[in-house]
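Q: Build the 3D model from these lines:
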Amino acid sequence: MARRVIAHVLPWANVGGTEVATLRLAAALHNHGYANILYAPDLTGAGEVADLVRDHGFALARYAQVAPRRASPLPFLANVARLAVSFRRRGVGLVHGADIAGACFTALAARTAGARATSHVRCAHPAMTDIDRWLLKPVERFLFVSHATKGDQDFPCAPERAEVLYDAAVPPAALVPRGEARAHYGLPEDALVLGMAARIHPQKDHASLIRAAGLLRATHPGLRFLMVGDFSEEASHRAQFAQLEALMAETGTRHMFVFPGFEGNMARFYGALDVALLASHTEGFPLGILEAMGAGLPVIASAVGGVAEAVENGRTGFLAPDGDAGAFASAIARLADDEALRWRMCEAARGEALTRFGPERFARQAADFARRMIGPP
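A: You can find the predicted model right below:
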C-alpha cells in the first residue's frame, strides 16, 4: 500500500518564521488531500511549538536530536533506527526538513524507513562541515525559499535536485482599526508609524533604524517606530537590547521607539502601521515582508538575501544597502513627505502579494511537489 503521509521535521524549540511557514506548507498539502504529521525536537522549551502545532490541528511527534560522532557512532545510529521505526509505524512516505538542520537529523532515518527525504533551505549556509554534507546526502530534493538562497550554499546540490518555492503571503483576515491598534501601543493617532516584527538578535539590524531615526529626529519629529519581538526571554536578547537602549540614548531617539515585546496579534501590529520595515544583515525570504505587503503596506528593507526578490525597489517599497542608516533615513523621508507615493506603493504591494506570492499559487506548487515525490494523495 502506498504511503502518503508527509512528516515535517521542525529543527528548533522556539516559534519563529520557519515554524509558521512549515504549518502553512502542511495546511496547503492537507487541503490537497495529503495527511501530515509534524515532528518537533525533544528539547527543553519546545512546549510553545507543540501548542502551536496542536492549535493548527496537526498530529505531533517528538524526536531526539543526536549528532553523529566519528569516535562514537552508535548513539546516532540507534537514534536513526528509532526514527525509522516511528516513520514506518505512522505510514510516512515523505520526510521533509523544515530547514536543513531538521534534515540533518532525520534524512538517513527516512531512507532507512523506505521513505523519501526532502528539505527546505531557508537561509545561506556558506560554510558547512564535512559531517553536515554527509548527513544531507540522503536528501533527494531541496526547496529553496529564494534564488539568492539557492546560490549561497556550501553543499553539493545538482540542478535537478534544487527548486525554488516562494513562501505565501497570508495577511491577517481583518486588520484591527488604526485608532484601536495605536491606542494599544500608546502611539499617537496622527504619527507616521513604521514597524518591524523581529526578535532582538544580532542578525537583525535595529541599530541602523535607530541611527536613521537620529538623522530624521529634527526634520520629522512625528515619526514613531514600533518594534515588536522578544527582547527579554533570553540572556542574549537582553544583552542586545541593552546595547540598543544605549544607542537610543546617544542619538536622542528613545521617545520615537516602542518595544512592546512579543506580539501574537499581527492584525493589531499591521493595523497600527503606515510603513513596514525589515533591517537585517542576513535573510532567506522573510515571511514578514510578504505579510506586510498583503496587508497593503509599503516596505523599506535591507537588500540582503532574497529580499530583493520580494520588494521591487521604487514600486512596492525601497531597498537599502546592509547597515546603511542614511539610505534607510532617505527612504523613510520620501514616504513620510509624499503621501501619494505611499498610497501607490500600498496598492502595488497588496497586488504583488495577492498574485505573485498568493496562497493559492503556493498551495498549487506545494501539491505538485508532493505528487512528484510520492504520487497523488
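
Q: Scan the helices and strands of the protein for the one with the lowest mean pLDDT.
A: One helix or strand of the chain scores below all others by mean pLDDT, DSSP states H and E: helix 47-55, with a mean of 86.

Q: Where do the strands of the stretch 1-150 of the chain begin and end?
A: 5-9, 35-41, 59-63, 92-97, 116-121, 141-144 (DSSP state E, counting those that start in this stretch).

Q: and among those, the most buried is which?
A: strand 92-97 (a mean of 28; mean count of other CB atoms under 10 Å). Yep, even glycine has a C-beta here, placed from its N, CA and C like the rest.

Q: ok, that strand: who's next to it in the sheet?
A: strand 5-9 (parallel), strand 116-121 (parallel) (DSSP bridges).

Q: Let's see the first one as PDB, backbone CA atoms only.
A: Taking C-alpha atoms only, strand 5-9 is exported to PDB below (Å, rounded to 0.1, in the frame of the first residue of the first chain):
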ATOM      1  CA  VAL A   5       1.700  10.700   5.000                       C
ATOM      2  CA  ILE A   6       4.200  13.600   5.000                       C
ATOM      3  CA  ALA A   7       6.300  14.200   8.100                       C
ATOM      4  CA  HIS A   8       7.600  17.800   8.500                       C
ATOM      5  CA  VAL A   9      10.700  18.000  10.800                       C
END
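
Q: re earlier: now tabulate the strands of the stretch 1-150 of the chain in JSON lines and tack on mean pLDDT.
A: Below are these laid out as JSON lines (pLDDT from 0 to 100):
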{"stretch": "strand 5-9", "mean pLDDT": "98"}
{"stretch": "strand 35-41", "mean pLDDT": "96"}
{"stretch": "strand 59-63", "mean pLDDT": "95"}
{"stretch": "strand 92-97", "mean pLDDT": "98"}
{"stretch": "strand 116-121", "mean pLDDT": "97"}
{"stretch": "strand 141-144", "mean pLDDT": "96"}
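
Q: Rebuild the ones you listed as a markdown table, extending it with distance to Arg371.
A: Output for the strands of the stretch 1-150 of the chain, formatted as a markdown table (distance: least, CB to CB, whole Å):
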| stretch | distance to Arg371 |
| --- | --- |
| strand 5-9 | 12 |
| strand 35-41 | 14 |
| strand 59-63 | 22 |
| strand 92-97 | 11 |
| strand 116-121 | 12 |
| strand 141-144 | 13 |
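
Q: Which one, of the ones you listed, ends up nearest to Ala367?
A: strand 5-9 (10.9 Å; CB to CB).

Q: contacting residues around that closest one?
A: 22, 25-26, 29, 34-39, 61, 63, 87, 90-98, 102-103, 105-106, 110, 115, 370, 374 (CB atoms under 8 Å, 6 or more residues apart in numbering).

Q: next one: stretch 29-48
A: Contacts of stretch 29-48 (CB under 8 Å, 6+ apart): 4-15, 22-23, 26, 49-50, 53, 58-65, 90-92, 102, 106, 363, 366-367, 370, 376-377.

Q: Give me the ChimeraX select line for the residues you listed, limited to the buried ones.
A: Selecting only the buried entries of the contacts of stretch 29-48 in ChimeraX, with 16 or more other CB atoms under 10 Å as the criterion:
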select :4,5,6,7,8,9,10,11,12,13,14,15,22,23,26,49,53,58,60,61,63,65,90,92,102,106,363,366,367,370,377
